[in-house]
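Student: My questions are about this predicted structure, shown below with the sequence.
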Amino acid sequence: MKLQRTTFIISLLPIILSLPIACLIHLINNHYLDKPEHAIKIIGVVLMILFIIPPCVYLLRRKKASNPWTLSSIIIGVVSILLVAVYLFWISSQIFFPGDILIWSESDFVNDILKFQTSYPIYSAQENNESFIYTPGAQILTYLLARPFGKAIYIPKYRIVQVIFTLLAAVVASFCCRKLIEMSSSRQQFRGSTLWITTSLSFLFLIATNALTNPFMHNLHNDALAQLISIIAYLVLLLYAFSRNKRLLILMAILPAVGFLVKQSLLIWAVFYCIYLTLFDQPRSKKRLLIFPLAACGVIGTVVAVCYLLWGNHFTYWVFAVAGKRSVSPLRVFQHMLDVWVYIVIGLIGGIVLLRGKNFNLLLGSWLIWLSLMAIEAYTSGVAWMLNHMGPGSLIAGCWFLAALVRVWPVVSRLNNKKFLLNNWMKAGITVAMIFFLFSGLGFVRIPLKSLQSDAYRYISDIEREFEGHSTEDVLLDIGTWVYLKDGVIMKDRSPSIGDRGYGEVGDFSGILGRLEQKKYSKILVRNLHSPDFQYDYWMWRKSSGIRQALLNNYKEIGQIKGVTSEKYQCNTFFFSEINILVPKID
């Protein structure tokens, strides 16, 4: 037990060591704000020095007794630390950005927090156009965790909470790896793995934040907590598969309902648990097969009933009707599977290595559950162009791959002997090179430059200036809630709310059309008014919402807010585009 605790503490060191390195990168970038290429050169030299020092220390200490596979694990560990440091620096400018416009969900996420703080209903009539299509668990828990650090709604601290959720997901994933290794091999092999000690948590944190399937883990979105709930659900499945402890069935019955409060799709874990108990639980228990589905459905039904009592038909409309009407593109599903092939492959490799011998039956069910989860996530990702639906499945694939690597690495290292010394050094070098290329393919590598530059702050200030001299509730900004926080205004007619329903043709837009005709707003700020990408009336909708024409009929354009055009490395150009400023026409 003491050794396991020591191993876990050592695995935390890469994350801890990455923090001062991230600060150093920040200082270098700040010193060369106007010379980004020069900053990159200096950062590259610094990172190269930090990369070289640990292997050199090992070689100088061990000399002729140096083991190529031990050296390889040190190199991989150092690279993992540096990649985590670069990631933490890269997200820092986004985390502390005051506006909630980095991605499409941030405005609604903050709006739900404001609703909860002011006791306004989370879901209201669709004509208001100010509700979110996700369940509110992530928003409420984020607020409750951040509240001890100040009651005021401060957007950066909510982003920090999402990073903490992601780090916890990596920690839970490391326990999944430990359990997979324990289920597939002897404890002695697990304890003796230098690779596990030096790279486990940093490797899994990089997967949990990878640029392919987990790009929004630091943003205000339900993804970070959904990934944490999913990996906890998978750990509970592994623990049950290993022990068949009936007390774990209580957790298994509760977790899908908890997941539902974070993201509706997490209800799938109830199905996975039932499938496991039916097909893979040995010896099969008829009593458990009967009681568990009833218990899981009972908990889910209770949670849904409570939500319905709180918000009525508005809850079922936003959570089920709107979300359920989003059609899936088979071509997009296929493209997304090709885009994330590397995560599918590492999960398959993990299965090939671990599903051997007497442990085959013990691990097969949990591996097939991962494969099913990945397939379902790929399918649901077809509703949009992003790959974030596949984040939890990618993290679990990483658990299988890392467990397989730890399982194989001690065996390979014993091949080192004097007779084949050069051969072993070559093999170790090739292995390290392959892993480095794999790191790039997995989406671990980011450019160590600020992802948001100073012009983004000018953009925020220009928006805020347009509110001066007007009552906050009389100025409509299409997306972004930060401007309404000070006055506690729950603003109607937001573009994400309308966009979610226009595509599925389930929206009643009579509310906004009436308000535009009545010229309720003294000023309106919208992006892409004259573009096909206008979020209130998107070009791909089969039926026009009529909102663009209503704006043109009742309002006139008096100016623009210049878009952020100098952002070479910014996260999303759409929400930093030019804004059209509209005021009512005089009859």
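Tutor: Cool, the structure landed. Numbers count the residues shown, from 1 in each chain.
Student: Enumerate every residue touching the spatially most central residue of the chain.
Tutor: Relative to the mean C-alpha position of the chain, the nearest C-alpha, by Cα atoms, centre = their mean, is the one of M217, at 3.3 Å. Residues in contact with M217 (Cβ atoms under 8 Å, 6 or more residues apart in numbering) are 162-163, 165-166, 208-209, 223-224, 227, 391. All C-beta spots, glycine's among them, are computed from the backbone N, C-alpha and C.
Student: Tell me how far it lies from F272.
Tutor: The spacing between M217 and F272, counted by Cβ to Cβ, to the nearest Å, is 23 Å.
Student: do F401 as well
Tutor: On the measure of Cβ to Cβ, F401 and F272 end up 20 Å apart.
Student: Between those two, which is the more surrounded one?
Tutor: F401 (25 against 22; other Cβ atoms under 10 Å).
Student: who's in contact with that one?
Tutor: With contact set as Cβ under 8 Å, 6+ apart, F401 has these partners: 346-347, 349-350.
Student: so which helix or strand takes in it?
Tutor: Secondary structure assigned from DSSP states H and E places F401 in helix 391-413.
Student: Can I get that helix in PDB, CA atoms only?
Tutor: The C-alpha trace of helix 391-413 is given here as PDB (Å, rounded to 0.1, in the frame of the first residue of the first chain):
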ATOM      1  CA  GLY A 391     -13.100  12.600 -25.900                       C
ATOM      2  CA  PRO A 392     -14.000  10.000 -23.200                       C
ATOM      3  CA  GLY A 393     -13.500   7.100 -25.600                       C
ATOM      4  CA  SER A 394     -10.100   8.500 -26.600                       C
ATOM      5  CA  LEU A 395      -9.100   8.700 -22.900                       C
ATOM      6  CA  ILE A 396     -10.100   5.100 -22.300                       C
ATOM      7  CA  ALA A 397      -8.200   4.100 -25.400                       C
ATOM      8  CA  GLY A 398      -5.200   5.800 -23.900                       C
ATOM      9  CA  CYS A 399      -5.600   3.700 -20.700                       C
ATOM     10  CA  TRP A 400      -5.500   0.500 -22.700                       C
ATOM     11  CA  PHE A 401      -2.500   1.600 -24.700                       C
ATOM     12  CA  LEU A 402      -0.500   2.800 -21.700                       C
ATOM     13  CA  ALA A 403      -1.300  -0.400 -19.700                       C
ATOM     14  CA  ALA A 404      -0.200  -2.400 -22.700                       C
ATOM     15  CA  LEU A 405       3.000  -0.400 -23.000                       C
ATOM     16  CA  VAL A 406       3.800  -0.900 -19.300                       C
ATOM     17  CA  ARG A 407       2.900  -4.600 -19.700                       C
ATOM     18  CA  VAL A 408       5.400  -5.000 -22.500                       C
ATOM     19  CA  TRP A 409       8.200  -2.600 -21.500                       C
ATOM     20  CA  PRO A 410       9.700  -4.600 -18.600                       C
ATOM     21  CA  VAL A 411       9.900  -7.700 -20.900                       C
ATOM     22  CA  VAL A 412      11.600  -5.700 -23.600                       C
ATOM     23  CA  SER A 413      14.100  -4.200 -21.100                       C
END
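Student: Count the neighbours of the residue nearest to E464 when sequence neighbours are not counted for me.
Tutor: Closest residue to E464 in three dimensions, ignoring its sequence neighbours and counting by Cβ to Cβ, 6 or more residues apart in numbering: V483, at 6.1 Å. Residues contacting V483 under the criterion other Cβ under 10 Å number 20.
Student: didn't V483 look like it was pressed against D462?
Tutor: No - here V483 lies out of contact with D462, judged by Cβ atoms under 8 Å, at a distance of 11.6 Å.
Student: before we move on, back to that, which residues does the residue nearest to E464 contact?
Tutor: If you count contacts by Cβ under 8 Å, 6+ apart, V483 has them with 463-464, 467, 472, 475, 477.
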